[in-house]
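Asker: sequence plus predicted model, see below.
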Amino acid sequence: MEDVRKLAVPAAGESFSDVQIESADGPATTLRLRKDGDSHWLSVAATGEGEAKKAAEEITSRTQGWEFKIPALKVESILKKRADLLEAAS
């Protein structure tokens, strides 16, 4: 991450991309990416049940209300589709 700032209220009509990451044992994490000029900003939210709830609450307590500036190359990696990451079984 290159910088951090208070989470900005998105302007009306501003576009963003959400990426959801889920695991069997851990919290469900949502990454929200948006472009502001030439910069890319990421915010994080997590939810969970049972054991994952504690981890989700810790993630949320550290990231809530903040946006993190990330390089464009990282944005490309985050937005890749599952099919682009996995090889087809032969």
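Answerer: Arrived safely, thanks for sending. Numbers count the residues shown, from 1 in each chain.
Asker: I21 contacts L31, doesn't it?
Answerer: Yes: under the criterion of C-beta atoms under 8 Å, I21 is in contact with L31, at a separation of 7.0 Å. (C-beta placed from N, C-alpha, C; glycine too.)
Asker: okay, these two: which has more neighbours?
Answerer: When neighbours are counted by other C-beta atoms under 10 Å, I21 and L31 differ, and L31 comes out ahead with 17 against 13.
Asker: how close does the more buried one get to H40?
Answerer: Between L31 and H40 the distance is 11 Å, computed by C-beta to C-beta, to the nearest Å.
Asker: could you do L7 as well?
Answerer: Look at L7 and H40: by C-beta to C-beta, they are 14 Å apart.
Asker: these two - which one has more neighbours?
Answerer: Ranked by neighbour count (other C-beta under 10 Å), L7 and H40 place H40 first, with 22 against 14.
Asker: give me the number of residues near A46?
Answerer: A46 has 22 neighbouring residues, counting by other C-beta under 10 Å.
Asker: switch to numbering from 185
Answerer: Sounds good: first residue 185 from here, last item A230.
Asker: element containing it?
Answerer: Under the criterion of DSSP states H and E, A230 resides in strand 223-231.
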